[in-house]
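K.L.:
next input, structure requested:
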Amino acid sequence: MAATLRQHTRRGTDRHQSHASPDGAEAFDSRILSEQGATFEHTFETAGTYDYFCTLHKGLNMVGRIVVGEPGGPAGGSMPPDGEVPESQTIVDQGAVSYSDFSG
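P.N.:
Below is the predicted model of the structure:
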């Protein structure tokens, strides 16, 4: 199973990188995307749960979780630094989850 993440920068500067991923999966790092309209793509070849964060904004809780296929535990820690993410099964059940759906 393969799934592709495509990130588009509308404004500002972002750099997303994986924090935890399934055993044997390739980590990803978008590098700094600073130009409006810049893009980054990563194809996930391994099913499971991937946690990521924005290197530049993790202190503002800019974190996320991607589930490819069926949920599976990440290889490393379950939460990225400085933020919360929804349960993997919730993402699969709903397709996408807003921050307000799982945060206090």
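
K.L.:
now Ala27: closest residue in space that isn't a chain neighbour?
P.N.:
Excluding the flanking residues, the one nearest Ala27 by CB to CB, 6 or more residues apart in numbering is Ser18, at 4.6 Å. In short, each C-beta sits where N, CA and C put it, glycine included.

K.L.:
the one you found touches Tyr52, doesn't it?
P.N.:
Yes - using CB atoms under 8 Å, Ser18 is in contact with Tyr52, at 4.9 Å.

K.L.:
which residues of the protein fall in helices?
P.N.:
Taking DSSP state H as the criterion, the chain carries its helices at 88-94, 99-102.

K.L.:
how much space separates the nearest residue to Ser21 once chain neighbours are set aside from Thr9?
P.N.:
Of all residues not flanking Ser21 in the chain, Tyr50 sits nearest, at 4.8 Å (CB to CB, 6+ apart). Shown here: Tyr50 relative to Thr9, a distance of 20 Å by CB to CB, to the nearest Å.

K.L.:
same drill for the two, tell me which one is more crowded.
P.N.:
Neighbours were counted for Tyr50 and for Thr9 using other CB atoms under 10 Å; Tyr50 has more, 26 against 17.

K.L.:
in contact with that one, which residues?
P.N.:
Ser18, Ala20, Ser21, Pro22, Ala25, Phe28, Phe44, Arg65, Ile66, Val67, Val68, Pro74 (CB atoms under 8 Å, 6 or more residues apart in numbering).
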